[in-house]
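Participant: predicted model, plus sequence, below.
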Amino acid sequence: AVCAAAAAEGVPVTALVRDTAAARAVLPSSVALVRGDVTRFASLAAALDAAGDFNAVVWAAGSNSLAGFSRGVREGGPAGLVRALAAAANPLTARGVELGGVENLLAILQRRKEGGPLKSLVLVSSIGADDPLAQAAFPGLVLLWKKRAEEAVQRSGLPHTIVRPGGLKNDKKTGDTSASSSIASPGSADLVMTGPDGIGVGGGRRRPGSIRRAQVADVCLAALVTPEAAGKVVEVVADGKGGGARAPWADLFAGTEQ
């Protein structure tokens with residue numbers, strides 16, 4: 001979704017992918033592809049070298065995927081599903097992507113000397129990353145590792161924004177106009193954005209909700225070009241109503257308490 005939104009704006013973008021053939025089938029033709037494994041330092045370093053010059057990164061890698069379960073069933077039947085479930089529940093598997101991958105990225109970015117300075121790194125995390133109960137309950141301790149990755153980014157000294165979306169929803173195929181039409185234009189009419197730990201259960205927080213993937217992509221790209229997003233952790237959901245006035249991105253980011 002990030003690649004599609006950037007390509008629609010005419011922004012040159014390179015996607016780090018695991019399978020170039022599968023990626024080419026779903027990504028815009030203008031998106032360049034580099035193949036790499038975020039859990040292997042040498043592989044990721046080679047992929048970023050192959051990407052050439054870049055001045056911004058949106059990191060949306062995740063260790064849990066429903067597609068993984070589907071592949072497990074399709075390729076291995078019940079035994080494949082068991083293996084997929086076991087892998088998803090294994091905290092070491094989750095750690096390798098959620099924390100280890102980010103640590104690999106940060107080390108590469110900090111030693112990178114060519115291509116000019118990094119202007120912004122946007123890390124996609126998750127609502128619940130601050131909640132110890134949610135951390136303990138989530139399979140594979142994914143939220144715990146996401147929180148540790150956030151802290152690694154914050155310690156790095158690199159310019160960054162951390163985006164914590166609610167439950168991800170797939171986008172409608174047609175007739176869906178609630179997302180912003182441009183990263184320079186106001187955000188989605190039904191977007192709700194708070195500071196860290198502003199959305200959750202109890203404690204005066206706004207109740208959790210969901211958000212479409214395209215809306216998350218819009219938030220990520222807006223964070224790259226909105227000064228008010230710099231250094232912030234933001235939580236974001238959609239209230240599902242739409243139809244209201246669109247708040248400028250600067251106001252949305254500026255209105256979050258840190």
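Facilitator: The structure has been received and is ready for your questions.

Participant: hmm, who's touching the host helix or strand of Glu103?
Facilitator: Here Glu103, judged by DSSP states H and E, is contained in helix 102-111. Residues from elsewhere that reach helix 102-111, judged by CB atoms under 8 Å, 6 or more residues apart in numbering: 38-41, 44-45, 48, 57, 59, 118, 121, 123, 149, 152-153, 156, 158. To be clear about C-beta, it is placed using only N, CA and C from the backbone, and glycine gets the same treatment.

Participant: change it to 7 Å
Facilitator: Residues from elsewhere that reach helix 102-111 (CB atoms under 7 Å, 6 or more residues apart in numbering): 38, 41, 44-45, 48, 59, 118, 123, 149, 152-153, 156, 158.

Participant: ok, then the element right after it?
Facilitator: Next along the chain after helix 102-111, taking DSSP H and E as the criterion, comes strand 120-124.

Participant: ok, which stretches of the stretch 101-250 of the chain are strands?
Facilitator: 120-124, 160-165, 167-169, 191-194, 210-212, 233-238 (DSSP state E, counting those that start in this stretch).

Participant: average model confidence for the first one?
Facilitator: What it means is strand 120-124. Averaging pLDDT along strand 120-124 gives 97.

Participant: mind giving me the packing neighbours of it?
Facilitator: Packing partners of strand 120-124 (3 or more CB pairs under 7 Å, 6 or more residues apart in numbering; DSSP states H and E): strand 56-59, helix 142-156, strand 160-165, helix 213-225.

Participant: the second one - contacts with which helices or strands?
Facilitator: Same thing as helix 142-156. helix 91-95, helix 102-111, strand 120-124, helix 132-137, strand 160-165.

Participant: can you add mean neighbour count and distance to Arg18 and give the ones you listed back as JSON lines?
Facilitator: Below are the helices and strands packed on helix 142-156 laid out as JSON lines (neighbours: other CB atoms under 10 Å; distance: least, CB to CB, whole Å):
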{"stretch": "helix 91-95", "mean neighbour count": "17", "distance to Arg18": "15"}
{"stretch": "helix 102-111", "mean neighbour count": "18", "distance to Arg18": "15"}
{"stretch": "strand 120-124", "mean neighbour count": "22", "distance to Arg18": "17"}
{"stretch": "helix 132-137", "mean neighbour count": "14", "distance to Arg18": "27"}
{"stretch": "strand 160-165", "mean neighbour count": "25", "distance to Arg18": "22"}
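
Participant: thanks a lot, catch you later.
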